[in-house]
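> Got a predicted structure plus its sequence, pasted below:
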Amino acid sequence: MNRRGIRYPAKRILVLDELTLVAAFFVTLFVRYREMFKIWTSFFNGLYVSFLIVLCLLQALIFIGYDKKKKSIFEMDPVENLMSVVKSKVILIVLGLLYLYATQRGEQSSRFVVAGVLVLSIIFGFVARIICRKNYLKSHDIGSDWKVLEVTAGADKVDADEVIKMFRDEKYDEVLVHVKGTDLGAGNEQGAQTSRDDCSTLLRKLEHAGIRTYITTTALDYQVRSGIISDINGYASIPASVRLERFNLFGINYAVSRTEEAVLHVMRHIKELSGEYICFSNVHTSVMAREDASYRDVLNGAAFVFPDGTPIATLEQKKGYVGAERVAGPDFMEHMFRDTQDGRLSHFFYGASQETLDVLKENLLKKYPGIDIRGMYSPPFRALSEEEDRADVNLINGSGADIIWIGLGAPKQEKWMNAHKGEISGVMMGVGAGFDFHAGTIRRAPKWIQKIGLEWLFRLFQDPGRLFKRYFVTNGKFIWYLLTNRK
């Protein structure tokens, strides 16, 4: 693996897709006609021979124009692989049907055969990809082709300028930072603290120099998904920070990250981020920003704008950002709660109703024992007077909380954070319905629905009266703006 992803010849995936398509075709013929004589006479009557050839050609075109531009099958999890196969096969069969009717053979063909090829090609294609993915990852050392500059912080003083010079002179792919004999999150011994300080200083300098840096998981008191860990020189490692690059969509500068990287970055930079704010923008808010320049400026005034929407994250991936993912507000909250339940960082919650806050507090204390909640406040559902606003700021700052969760809903929460930038002693995070999700007052979509990008549909069924216009009108505008932007 290198910084552009896992190296694997794309033509092999195409061959795999073609073979599974042919297998699905003949299995369907066998099920339909049963007797070998009928199978061969049906196939060689000219209709199915030409149909199979056309399907194979269309499969190649779909792969080049659609599949090849997506993430590698090795970077996608099983659910993402399944959805990728389903989409490509549906496109294939639709084009195949158009061919049959264009050549006036639609009435001659068997609907069972067409439907069977669709279903079996999805099943065969998915199974083949998963087996290929599993065997390839198992038999290859993913980190073996990285040219890595490995730095051990904590043993001796590491000169960051020297590391940067070595990186550039030798043209290393990445820098791997290993913290020797300690971790960043445990203990108060003087030696351990010195190691953590040295590591933090080194990481900051490497980040500012624009060098992509990984940190070993042995250096972290931090939990991550196994799927995002890279094996680099024998160390299980993850990126140490959010990328410096930004992905521009409708004038909004989106950060490129995964949830774990984003949370880790905020935890490491909590002091520098004090007084700043972070936004989680989805399709709805991106369209709002496209149509309202002042709101777009509010979003871009944030320390980070994370893509809280699968379509936006998918566009980042298509742009070539390996590892780019949706960073949803509720997911960010969950990771932050889990990794700060030792009390290392404190929390304040501003927004939602008092009933929601009461249930939220009860749930958090039960699920994350040791979490430091400094306060919760439900402001009136109206415009505040200057005196009321000042009192709220004093209440928040008086709590001494490191992280201020804002649940006022978009665009109100983003405008509130922007108006109070530099006034709040802590980093503000606008998470909208995140309060309700973690309180349990709104049920969140299952993980598999989130992965395939249909969480919006799940929420629509929960509250159609309020969300119908938002989703269908806004989603239509989003697609239209994408098309016009490309033109």
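Yep, it's here. Remember, predicted model here, so these are calculated numbers, not experimental data. Numbering: from 1, shown residues only.
> what secondary structure does the most centrally placed residue in the chain sit in?
Nearest residue to the geometric centre of the chain (C-alpha atoms, centre = their mean): residue 325, 1.8 Å. Counting by DSSP: H, G, I helix; E, B strand; the rest coil, the backbone at residue 325 sits in coil.
> now stretch 297-314, how far from the centre of its chain.
The gap between where stretch 297-314 is centred and where its chain is centred comes out at 12 Å by C-alpha atoms, centre = their mean, to the nearest Å.
> before we move on, what about stretch 377-390?
35 Å.
> For it, what does the pLDDT average out to?
Throughout stretch 377-390, pLDDT has a mean value of 91.
> Hmm, residue 67 is touching residue 13, no?
Yes. Residue 67 is within contact range of residue 13, at 7.3 Å (criterion: C-beta atoms under 8 Å). The way it works is simple: take the backbone N, C-alpha and C, and place the C-beta from them, glycine included.
> Can you name the next helix or strand after the lowest-mean-pLDDT helix or strand in the chain?
Lowest by mean pLDDT, DSSP states H and E among the helices and strands of the chain is helix 36-43, with a mean of 55. Remark: after helix 36-43, the chain's next helix or strand is helix 47-65, criterion DSSP states H and E.
> who does that following helix touch, helix- and strand-wise?
With contacts defined as 3 or more C-beta pairs under 8 Å, 6 or more residues apart in numbering; DSSP states H and E, the packing partners of helix 47-65 are helix 10-33, helix 78-102.
> residue boundaries of the strands in this structure?
Ranges of strands within the chain are 148-153, 174-179, 213-216, 230-232, 235-239, 246-249, 252-255, 277-281, 304-307, 346-351, 372-377, 403-407, 427-430, based on DSSP state E.
> Can I get the ones you listed in a markdown table including distance to residue 159 and mean neighbour count?
Shown next, in a markdown table, are the strands of the chain (distance: least, C-beta to C-beta, whole Å; neighbours: other C-beta atoms under 10 Å):
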| stretch | distance to residue 159 | mean neighbour count |
| --- | --- | --- |
| strand 148-153 | 10 | 19 |
| strand 174-179 | 13 | 23 |
| strand 213-216 | 16 | 24 |
| strand 230-232 | 22 | 18 |
| strand 235-239 | 22 | 20 |
| strand 246-249 | 30 | 17 |
| strand 252-255 | 29 | 22 |
| strand 277-281 | 32 | 28 |
| strand 304-307 | 30 | 26 |
| strand 346-351 | 35 | 24 |
| strand 372-377 | 36 | 18 |
| strand 403-407 | 33 | 27 |
| strand 427-430 | 31 | 28 |
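> TSV for those, including distance to residue 363?
Shown next, in TSV, are these (distance: least, C-beta to C-beta, whole Å):
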stretch	distance to residue 363
strand 148-153	38
strand 174-179	34
strand 213-216	31
strand 230-232	34
strand 235-239	28
strand 246-249	34
strand 252-255	28
strand 277-281	20
strand 304-307	23
strand 346-351	12
strand 372-377	11
strand 403-407	14
strand 427-430	18
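> max-length helix in the protein?
helix 111-139 (DSSP state H).
> pLDDT wise, what is residue 428 at?
97.
> which non-adjacent residue is nearest residue 446?
Nearest residue to residue 446, sequence neighbours excluded (C-beta to C-beta, 6 or more residues apart in numbering): residue 458, at 7.9 Å.
> ok, back up a step: same list (the helices and strands packed on helix 47-65) but as JSON lines, adding mean pLDDT, distance to residue 210 and mean neighbour count.
Below are the helices and strands packed on helix 47-65 laid out as JSON lines (pLDDT from 0 to 100; distance: least, C-beta to C-beta, whole Å; neighbours: other C-beta atoms under 10 Å):
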{"stretch": "helix 10-33", "mean pLDDT": "82", "distance to residue 210": "29", "mean neighbour count": "17"}
{"stretch": "helix 78-102", "mean pLDDT": "84", "distance to residue 210": "30", "mean neighbour count": "17"}
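> Throw these into TSV and include distance to residue 48, thanks.
As requested, these are exported to TSV (distance: least, C-beta to C-beta, whole Å):
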stretch	distance to residue 48
helix 10-33	7
helix 78-102	11
